[in-house]
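Asks: Sequence first, predicted model second:
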Amino acid sequence: MQEKGTVFFPERILEATPKDYGLGSYEDVFFPATDDTRLHGWLVDGPDHRAVLLWFHGNAGNISHRLDNLQMLHKALRIPIFLFDYREYGLSEGTISKAGTFLDAQGAYRFLTEERGFAPSSVMLLGRSLGTALAVFVASRKHVLGVVLEAAFTSTDDMMKLHFPMYKPEAVGNNKYDNLALIGLIQSPILFIHGQLDRTIPIAMARTLHAQARAPKYLYEIAGAGHNDTYLVGGRKYQTVWRQFLAKCLQRKQCASHASEPLR
């Protein structure tokens, strides 16, 4: 299957920067994917370094098209946020593919934890739409602070069958996005966010994933929201849910730390 133009819709031109949205304390970052493809992202600093948000965006545009959402989350959470582009998006090099995005995701996680020194237990993952597959992939292999899955889908095959009824599932050996197969492996807390009127990824998929998750889990359904406007329709409630989830994750981390302290 031709992935570009069907699964991926990359755009090269960055239309703005965080500075244009009042986020002056940011850094242009170039880092390698695990196959050494050169990727680009923005690391926006924040006053609270107890956590850092690693953001896996959706399948269209580039990081400059997420700046209003970035601005809102940065103001609400006050933690550093790392938003990067997959290969062939924005200033990132290479040619886009599902296989490549797994390498990009691992490279971004490695950059934060090894290059910048953030503890794995302080990394919160945000996956949106297609990016939920990458957040789930990383979280199923790493014990992170928490995972936010916004507009999550069950699998590539389910999505293709939904939008292309004549589609035949790919061979097992091919690289696939399969959140349903991996969601039960995640041990970190999970927050599902989904618009009740999402026609691109039906909310039933999020409910299915939520039911299969074994970690501490929360489901925030946004009445009146579709696929791309969850943070706009959700407004203050959206920000409050985010803050509450971050607080729960930090409290859980602190309790686990105290529990592991030796008796004296």
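Replies: Ah, there it is. Numbers count the residues shown, from 1 in each chain.
Asks: got the contact list for residue 35?
Replies: The contact partners of residue 35, taken as CB atoms under 8 Å, 6 or more residues apart in numbering, are 100, 103. For every residue, glycine as well, the C-beta is placed using N, CA and C.
Asks: Model confidence score at it, please.
Replies: Per-residue confidence at residue 35 stands at 98 (pLDDT).
Asks: Residue 177 now?
Replies: Note for residue 177: predicted pLDDT of 94.
Asks: Would you check how far apart it and residue 101 are?
Replies: Spatial separation of residue 177 from residue 101 under the definition CB to CB, to the nearest Å is 9 Å.
Asks: so residue 129 touches residue 227, yeah?
Replies: Yes: using CB atoms under 8 Å, residue 129 and residue 227 qualify as a contacting pair, with a distance of 7.1 Å.
Asks: neighbour-wise, which of the two wins?
Replies: Comparing residue 129 with residue 227 by other CB atoms under 10 Å, the one with more neighbours is residue 129, at 21 against 18.
Asks: State the phi and psi torsions of the more buried one.
Replies: The phi/psi pair for residue 129 (degrees, to the nearest 10) reads phi 60, psi -120.
Asks: Which residue lies closest in space to it, excluding its sequence neighbours?
Replies: Spatial nearest neighbour of residue 129, excluding adjacent residues (CB to CB, 6 or more residues apart in numbering): residue 58 at 3.6 Å.
Asks: ok, now which ones touch the one you found?
Replies: Taking CB under 8 Å, 6+ apart as the definition of contact, the neighbours of residue 58 are 128-131, 151.
Asks: In helices, which of these fall?
Replies: Where the contacts of residue 58 overlap with helices, as defined by DSSP state H, the overlap consists of residue 131.
Asks: Give me the pLDDT for residue 157.
Replies: Among the per-residue scores, residue 157 holds a pLDDT of 86.
Asks: hang on, residue 40 is in a strand, isn't it?
Replies: Yes: when classified by DSSP: H, G, I helix; E, B strand; the rest coil, residue 40 is found to be part of a strand.
Asks: For it, which residues are in contact?
Replies: With contact set as CB under 8 Å, 6+ apart, residue 40 has these partners: 28-30, 84-85, 90-92.
Asks: Now flag whichever of those residues is closest to residue 7.
Replies: Using CB to CB, residue 85 is the member of the contacts of residue 40 that sits closest to residue 7, with 15.8 Å.
Asks: For residue 82, grab phi and psi.
Replies: Main-chain dihedrals, residue 82, degrees, to the nearest 10: phi -110, psi 110.
Asks: Who are the contact partners of it?
Replies: Under the criterion of CB under 8 Å, 6+ apart, the contact list for residue 82 reads 29, 41-44, 52-55, 108, 111-112.
Asks: Return the set of residues that bridge with it.
Replies: For residue 82, the beta-bridge assignment (DSSP bridges) gives partners residue 43, residue 54.
Asks: In JSON lines: the contacts of residue 82, plus neighbour count.
Replies: As requested, these are exported to JSON lines (neighbours: other CB atoms under 10 Å):
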{"residue": "29", "neighbour count": "18"}
{"residue": "41", "neighbour count": "26"}
{"residue": "42", "neighbour count": "25"}
{"residue": "43", "neighbour count": "20"}
{"residue": "44", "neighbour count": "24"}
{"residue": "52", "neighbour count": "22"}
{"residue": "53", "neighbour count": "25"}
{"residue": "54", "neighbour count": "27"}
{"residue": "55", "neighbour count": "25"}
{"residue": "108", "neighbour count": "27"}
{"residue": "111", "neighbour count": "22"}
{"residue": "112", "neighbour count": "24"}
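Asks: Residue 190: neighbouring residues, count only.
Replies: In terms of burial, residue 190 registers 26 neighbours under the definition other CB under 10 Å.
Asks: And it, how far from residue 48?
Replies: 21 Å.
Asks: Kindly report the same for residue 179.
Replies: 29 Å.
Asks: For the two, indicate the residue with more neighbours.
Replies: For residue 179 versus residue 48, the count of surrounding residues by other CB under 10 Å is larger for residue 179: 27 against 12.
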